[in-house]
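S.K.: below are the sequence and a predicted model; questions follow.
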Amino acid sequence: MKAVIFDLDNCLCPADQIGPQVYEPAFAAIRLANDGSVRESDLDAAFSDMWLHAFDWVADRYTFTPAMFAAGWRHLSQAEVLTEIQGYDDLHLLSHVPAERFLVTTGFRRLQESKIVALDISKHFCMVIVDGIDDPIRKGKRTLFQTIMASRGLTGSDVLIVGDNPESELAAGKSLGLRCVQTLRPGVVRSNCADFHVHGIKELIDDLQPAGL
């Protein structure tokens with residue numbers, strides 16, 4: 001294995017570790033903009049899903065009205081983390097993963113970049129890429145994986161995708177024929193989309209030994 005591409009949220013850091021105050025203004029604005037099109041129970045479910053999925057995915061799944069979408073976008077595109085966060089307690093093991101390491105994370109650019117700074121984890125990766133849903137031209141994880149592979153001259157058998165989300169990085173990896181590992185962090189639902197499952201970075205390192213992956 002020559003390269004490992006990691007996700008960020010619920011893979012290296014609990015998405016909710018930034019604190020509810022980051023999302024609360026957006027949630028309040030979305031509720032205010034709701035004209036009854038989305039039931040309160042569905043709104044509650046949508047807000048829970050925002051800790052697991054990108055905003056545009058959630059808005060589409062729960063059929064947010066244009067006004068609700070705009071209200072959420074306005075707040076979340078300006079949100080950022082201003083305090084230090086710790087991530088999961090095994091982040092120090094990232095430097096022991098025996099391959100080139102890449103970080104590819106999806107979300108609002110300012111928020112995702114501020115998380116990376118707050119975690120101080122860029123030093124563990126040869127490349128850090130934010131798949132910004134608010135970028136003028138969004139590439140998406142599938143294209144970004146292809147770009148990484150092309151830039152390093154990697155084939156499918158050289159690359160491992162590590163993440164939690166079967167609707168995002170795991171789906172993108174499988175669509176390219178890449179091997180995928182799901183991180184079963186607390187709260188993550190096991191998916192058959194992944195080829196393997198681990199509970200943390202130590203298990204991943206063990207699996208990457210010559211007799212493993």
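M.R.: That came through, no problem.

S.K.: look up phi and psi at the closest residue to residue 122 other than its chain neighbours.
M.R.: Nearest residue to residue 122 in three dimensions, chain neighbours excluded: residue 128, at 5.2 Å (Cβ to Cβ, 6 or more residues apart in numbering). C-beta coordinates here come from the backbone N, C-alpha and C atoms, glycine included. Per-residue torsions, residue 128: phi -120, psi 120 (degrees, to the nearest 10).

S.K.: just checking, residue 128 touches residue 103?
M.R.: Yes. Between residue 128 and residue 103 there is a contact at 4.6 Å, judged by Cβ atoms under 8 Å.

S.K.: show me where this protein has helices.
M.R.: Taking DSSP state H as the test, the helices found in the chain are 24-33, 40-49, 55-61, 66-76, 109-119, 140-152, 169-175, 201-207.

S.K.: tell me how many other residues surround the residue nearest to residue 122.
M.R.: 19 (other Cβ atoms under 10 Å).

S.K.: ditto for the one 5 residues further on
M.R.: Residues contacting residue 133 under the criterion other Cβ under 10 Å number 19.

S.K.: swap in residue 81?
M.R.: 20.

S.K.: residues contacting the lengthiest strand in the chain, please?
M.R.: In the chain, taking DSSP state E as the definition, the longest strand is strand 100-107. Strand 100-107 is contacted from outside by 2-9, 12, 54-55, 94, 112, 115-116, 121-122, 124-133, 141, 144-145, 148, 152, 168-169, using Cβ atoms under 8 Å, 6 or more residues apart in numbering.

S.K.: that one pairs with which strands, parallel or anti?
M.R.: Sheet pairing of strand 100-107 (DSSP bridges) gives strand 3-6 (parallel), strand 127-132 (parallel).

S.K.: what's the angle between the last one and helix 109-119?
M.R.: It refers to strand 127-132. Angle of strand 127-132 versus helix 109-119, following axes from the mean of the first three to the mean of the last three Cα atoms, to 10 degrees, is 140 degrees.

S.K.: now do strand 127-132 against helix 140-152, angle only.
M.R.: Using the same axes, to 10 degrees: strand 127-132 against helix 140-152 is 150 degrees.

S.K.: in the protein, which ranges drop under the pLDDT threshold?
M.R.: Counting by pLDDT under 70, the chain contains low-confidence residues at 210-213.
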